[in-house]
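Chemist: the sequence and its predicted three-dimensional model are supplied below.
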Amino acid sequence: MGLLVKTNIAALVKEISKARGSQVNNVADDFLPAAEERVKKIVEAAVERAKANNRRTLMGRDL
């Protein structure tokens with residue numbers, strides 16, 4: 001399942017790079033799968049937190 005969009009990530013990288021004065025402008029092919037895996041773990045932890053608080057809705061505070 002594709003959670004992240006490579007073009008959006010690439011645009012964000014360029015924006016951050018420009019703001020910080022760095023020269024990081026490219027996103028390698030192995031970045032997106034690794035980022036998606038991290039996002040999945042974050043969501044899993046948020047689901048557990050909501051469950052522990054007897055809620056059926058994820059909220060920002062679950063992060």
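Modeler: Nice, I can see it. Since this is a predicted model, take the numbers as computed values, not measurements.

Chemist: pLDDT score assigned to the most centrally placed residue in the chain?
Modeler: Relative to the mean C-alpha position of the chain, the nearest C-alpha, by Cα atoms, centre = their mean, is the one of residue 39, at 4.8 Å. Confidence at residue 39, expressed as pLDDT, is 96.

Chemist: residues touching it, list them.
Modeler: Applying Cβ atoms under 8 Å, 6 or more residues apart in numbering, we find residue 39 in contact with 3-4. Heads up, the C-betas are built off the backbone N, CA and C, glycines and all.

Chemist: measure it to residue 21 for me?
Modeler: Distance of residue 39 to residue 21, computed by Cβ to Cβ, to the nearest Å: 28 Å.

Chemist: go on, residue 2?
Modeler: Here residue 2 is placed at a distance of 31 Å from residue 21 (Cβ to Cβ).

Chemist: output the longest helix belonging to the chain.
Modeler: Assignment by DSSP state H gives helix 31-52 as the longest helix of the chain.
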